[in-house]
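> following is a predicted model, sequence given first.
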Amino acid sequence: MRRLNVGVKYVSAPSFSPINESQHSEHIGLINKADHVVLCPMAVGMNNLRNIHAAAEGSSLFVIDSPDGQISDYTGGKALELRRSMIERNGSIQSHLCCSSWPVHCGKILGI
């Protein structure tokens, strides 16, 4: 899949590594400055659970449903519960209406 450079700032972190306090603070700062935040369907483990907490800080949050309605949660249900509460507050968007046509990996578009 080809990535499109959309000029969006993001916080870089090594794959499968815990998100440290500095990265989390920087991420929250970017989210607070963003016009919109997109939370895509993605696997969530204890190392990236902070990304879901950060997304919840967005004032204009779009939660994208997974095609099959399932999200891989490796946090003992914490990520699913947080995601459900965000959907209750903000609603959700069917993935086939947006992500299939985006020329970027959905989870990277806003660094989430």
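Cool, the structure landed.
> so the closest residue to residue 64 other than its chain neighbours versus residue 22, what's the distance?
Closest residue to residue 64 apart from its sequence neighbours, by C-beta to C-beta, 6 or more residues apart in numbering: residue 40 at 4.8 Å. C-beta here means a position set from N, CA and C on the backbone, and glycine is covered the same way. Going from residue 40 to residue 22 by C-beta to C-beta, to the nearest Å gives 24 Å.
> which of these two has more residues huddled nearby?
More neighbours surround residue 40 than the other of residue 40 and residue 22, with 23 against 9 (other C-beta atoms under 10 Å).
> show the pLDDT at that one.
Per-residue confidence (pLDDT) for residue 40: 87.
> any low-confidence regions in this structure?
The model of the chain has pLDDT under 70 over residues 1-4, 95-112.
> quick one, helices of it?
21-33, 49-55, 78-90 (DSSP state H).
> what's the last one packed up against?
Read that as helix 78-90. Here helix 78-90 touches helix 49-55, strand 61-63, going by 3 or more C-beta pairs under 8 Å, 6 or more residues apart in numbering; DSSP states H and E.
> what strands flank the last one, and is each parallel or antiparallel?
Pointing back at strand 61-63 there. If you go by DSSP bridges, strand 61-63 pairs up with strand 37-39 (parallel).
> didn't residue 71 look like it was pressed against residue 45?
No: Residue 71 is beyond contact range of residue 45, at 11.7 Å (criterion: C-beta atoms under 8 Å).
> which one of those two is surrounded by more residues?
Per other C-beta under 10 Å, whichever of residue 71 and residue 45 has more neighbours is residue 71, with 16 against 13.
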